[in-house]
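K.L.:
Generate coordinates for the sequence data below:
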Amino acid sequence: MISEDRVSHLAHKVIDAVWRADVADLADESRALAMVKNSIAAYFSVAEEIEGAVRKKLATMAKMPGSREYEVLYQKYLQEEMAKRKW
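P.N.:
Alright, predicted model coming up:
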């Protein structure tokens with residue numbers, strides 16, 4: 001789980017980058033910051049769900065974590081879970 005402090009730090013970096021690049025005018029910076037924080041938190045939440053689903057599938061197999069076969073299956077299941085969620 002990503003900490004709230006880390007989410008806040010990343011959100012501030014995004015807002016700063018938007019200002020520096022002059023990509024958008026933010027009429028309400030605090031609202032924009034809150035929206036970016038929510039988006040980042042949601043992204044990591046889904047990433048954790050996907051990771052959990054993949055690890056759950058792998059836990060049912062007698063594969064050794066770190067082995068080549070485990071890593072291949074991990075990547076395969078990760079792609080499958082991401083496709084299921086259209087991510």
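K.L.:
Please count neighbours and contacts with C-alpha atoms only from this point.
P.N.:
Noted.
K.L.:
who's in contact with the most centrally placed residue in the chain?
P.N.:
Closest to where the C-alpha atoms of the chain average out (C-alpha atoms, centre = their mean) is Phe44, at 3.3 Å. Shown in contact with Phe44 (C-alpha atoms under 8 Å, 6 or more residues apart in numbering): Met1, Ile2.
K.L.:
And Leu58, by the same measure?
P.N.:
For Leu58, counting by C-alpha under 8 Å, 6+ apart, the contacting residues are Tyr70, Leu73, Tyr74.
K.L.:
now, which of those residues sits nearest Trp19?
P.N.:
Nearest to Trp19, judged by C-alpha to C-alpha, of the contacts of Leu58 is Tyr74 at 38.8 Å.
K.L.:
okay, the closest one: pLDDT?
P.N.:
Reading off the confidence values, Tyr74 has pLDDT 95.
K.L.:
Pull the contacting residues for it.
P.N.:
Per C-alpha under 8 Å, 6+ apart, neighbours of Tyr74: Val54, Arg55, Leu58.
K.L.:
Helices - which of those land there?
P.N.:
Val54, Arg55, Leu58 (DSSP state H).
K.L.:
As CSV, the residues you listed with pLDDT and distance to Glu48 would be great.
P.N.:
Converted to CSV, the ones in helices among the contacts of Tyr74 look like this (pLDDT from 0 to 100; distance: C-alpha to C-alpha, whole Å):
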residue, pLDDT, distance to Glu48
Val54, 95, 10
Arg55, 92, 10
Leu58, 92, 15
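K.L.:
Including distance to Lys84, could these go into a markdown table?
P.N.:
Shown next, in a markdown table, are the ones in helices among the contacts of Tyr74 (distance: C-alpha to C-alpha, whole Å):
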| residue | distance to Lys84 |
| --- | --- |
| Val54 | 12 |
| Arg55 | 16 |
| Leu58 | 17 |
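K.L.:
Go through those and name the one nearest Met1.
P.N.:
Arg55 (15.3 Å).
K.L.:
what about that closest one, how many neighbours?
P.N.:
14 (other C-alpha atoms under 10 Å).
K.L.:
which one is it nearest to, not counting chain neighbours?
P.N.:
Closest residue to Arg55 in three dimensions, ignoring its sequence neighbours and counting by C-alpha to C-alpha, 6 or more residues apart in numbering: Tyr74, at 7.7 Å.
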